[in-house]
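**Q** Could you look at this predicted model? Sequence included:
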Amino acid sequence: MDIIIAAHPDIVPWTHFVSVPLNTPAAQKKLGSVSQKLSCTDAPLGEFIENASKIGSRGMDKSIFTRPAILHLTCFMVRLNPPEKVSAAVEKLREITPSLRAIASKLALRLEGLEIMNDDIHEVDVVYLKVTPPSFP
């Protein structure tokens, strides 16, 4: 089985993601404000998204916005199968956390513009802010 998975890793589902919390009080307030404004409109979601041609006519729905308390930036997805790989990954992340914090403290990210996350372009389940490339001091 390991040979098959190694040859075709895309058949194994994503099991975890690594993220950075962005749930500061200021960020929570801003997200709440944006989602409130967008959910109060009858305009189709596509009017607010850059690639509107790939979106159906579905309007705004509060369920597509995350709760401000869990606002985060997903850095990457991982496939940790078998479960023993989870503990190894956690150990490695703990080892590199100080270095990651040092790097992150120097990054400036700009979050702007809405984008969608869904393979079915007519049914949007998640709206997210696009991240522009980081700038280094």
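**A** Nice, thanks for sending it over.
**Q** And what about residue 73, helix, strand or coil?
**A** At residue 73 the chain is in strand, as set by DSSP: H, G, I helix; E, B strand; the rest coil.
**Q** Excluding residues flanking it in the chain, which one is nearest it?
**A** residue 20 (4.7 Å; C-beta to C-beta, 6 or more residues apart in numbering). Every C-beta, even on glycine, is put in place using the N, C-alpha and C of the backbone.
**Q** For the one you found, list the residues it contacts.
**A** By C-beta atoms under 8 Å, 6 or more residues apart in numbering, the contact list for residue 20 reads 72-73, 75, 104.
**Q** for the helix or strand encompassing it, which positions count as buried?
**A** Using DSSP states H and E, residue 20 sits in strand 16-21. Within strand 16-21, no residue counts as buried by 16 or more other C-beta atoms under 10 Å.
**Q** What pairs with that strand, parallel or antiparallel?
**A** The strands beside strand 16-21 in its sheet (DSSP bridges) come out as strand 72-78 (antiparallel).
**Q** Tell me which residues of the strand it pairs with come out buried.
**A** Quick answer for strand 72-78: no buried residues (16+ other C-beta under 10 Å).
**Q** how about the very next helix or strand once past it: buried residues?
**A** Remark: after strand 72-78, the chain's next helix or strand is helix 84-104, criterion DSSP H and E. Under the neighbour-count criterion of 16+ other C-beta under 10 Å, helix 84-104 has nothing buried.
**Q** Residues contacting helix 84-104, please?
**A** So helix 84-104 is contacted by 15-16, 18, 20, 78, 80 (C-beta under 8 Å, 6+ apart).
**Q** Pull the number of nearby residues for residue 35.
**A** Burial of residue 35 is recorded as 18 neighbouring residues (other C-beta atoms under 10 Å).
**Q** how much does the following helix or strand past the strand holding residue 20 deviate in direction from strand 72-78?
**A** Using DSSP H and E, the helix or strand that follows strand 16-21 in sequence is helix 25-39. In terms of direction (axes from the mean of the first three to the mean of the last three C-alpha atoms, to 10 degrees), helix 25-39 departs from strand 72-78 by 90 degrees.
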